[in-house]
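> sequence unknown, structure follows:
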């Protein structure tokens, strides 16, 4: 894992890294990427790259409860029976939430078009684990798809809103699930000149971005 | 094999794994899989508004891209 940190001095950058990652100084390597030019008003900043040995995080990826163990086993069994074998790991734990990630040579097909297959896998994992403990929601990811997908939606929504503002003509986005639509609404909520509305029926309604004139 | 996949999923979701039976009807271009479960378990493989059945079908068609054959899942009651 590689992460970037900044500080006014090299030491401060390292201290920031130690604090943010909650690890000891001995546990990672530091690479200085550069010192930003000093400007008249701003002191120069030092940027560092922190290399963390993945072994240190290996423990976190292992199951710590019967629930996690069973969820991982079911998920690995499922993708193996699909003919796309791989390994399942824990990648985050939150209250009432467990994140699993699939590491496989077949992650492309396991994700599927617009994440269709990954969503189906996630649903089945949740139905299965719901029988063990229905207070924990399980997120299934591969290749960091869910984060990348969210970023794409936010980026696309902002771009579309900009177009609506320029042309003053409304734009209809493609069908999205409730989670994705909410992401669009909240992203564009604080932009003055546009408003968003959902239209259509069923699970995959569409968001329309409308021009509502300047609020000034 | 797609039959094993359906058996694996169904057995994981039902209360009565012994009640799971899958028959294959092999056609030229498509394969029909007939899934039978105990009467009390039928809701567990279909789900509200067929959500679970839909997910199983999605997973089956992803798996079937290897062979290029169309797979149809029928849930018998």
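Perfect, I can see it now. Just so we're clear, the structure is a prediction, and the values are computed from it rather than from any experiment.
> for chain B, what spans make up the strands?
Ranges of strands within chain B are B:21-26, B:30-36, B:70-76, based on DSSP state E.
> so who does the residue nearest the centre of chain A touch?
Geometric centre of chain A, nearest residue: residue A:147, 2.2 Å, by C-alpha atoms, centre = their mean. Contacts for residue A:147 (C-beta atoms under 8 Å, 6 or more residues apart in numbering or on different chains) come out as residue A:141. Any C-beta I mention is one placed from the backbone N, CA and C, and that applies to glycine too.
> after the helix or strand where it lies, next one along is what?
Counting by DSSP states H and E, the element that carries residue A:147 is helix A:145-167. Counting by DSSP H and E, the next helix or strand C-terminal to helix A:145-167 is strand A:171-172.
> Packing partners of that next one?
The contact analysis (3 or more C-beta pairs under 8 Å, 6 or more residues apart in numbering or on different chains; DSSP states H and E) places strand A:171-172 against helix A:145-167, strand A:206-211.
> What helices and strands are in contact with the last one?
Contacts of strand A:206-211 with other secondary structure elements, assessed using 3+ C-beta pairs under 8 Å, 6+ apart, are made with helix A:145-167, strand A:171-172, helix A:178-188, strand A:194-199.
> Just put the ones you listed in JSON lines and tack on distance to residue A:122.
Listed next are the helices and strands packed on strand A:206-211 as JSON lines, based on distance: least, C-beta to C-beta, whole Å:
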{"stretch": "helix A:145-167", "distance to residue A:122": "9"}
{"stretch": "strand A:171-172", "distance to residue A:122": "27"}
{"stretch": "helix A:178-188", "distance to residue A:122": "12"}
{"stretch": "strand A:194-199", "distance to residue A:122": "23"}
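> among these, which is nearest residue A:107?
helix A:145-167 (8.0 Å; C-beta to C-beta).
> quick one: furthest residue from the center of chain B?
Outermost residue of chain B with respect to the C-alpha centroid, by C-alpha atoms, centre = their mean, is residue B:28; its distance is 19.4 Å.
> Return the distance of that residue relative to residue B:70.
Distance, residue B:28 to residue B:70, by C-beta to C-beta, to the nearest Å: 10 Å.
> which residues in the chain form helices?
Just going to use chain A. A:10-21, A:55-61, A:66-81, A:107-111, A:116-130, A:145-167, A:178-188 (DSSP state H).
> I was after chain B.
Counting by DSSP H, chain B has helices at residues B:2-13, B:42-46, B:51-64.
> Before I go, just wanted to say thanks for your time.
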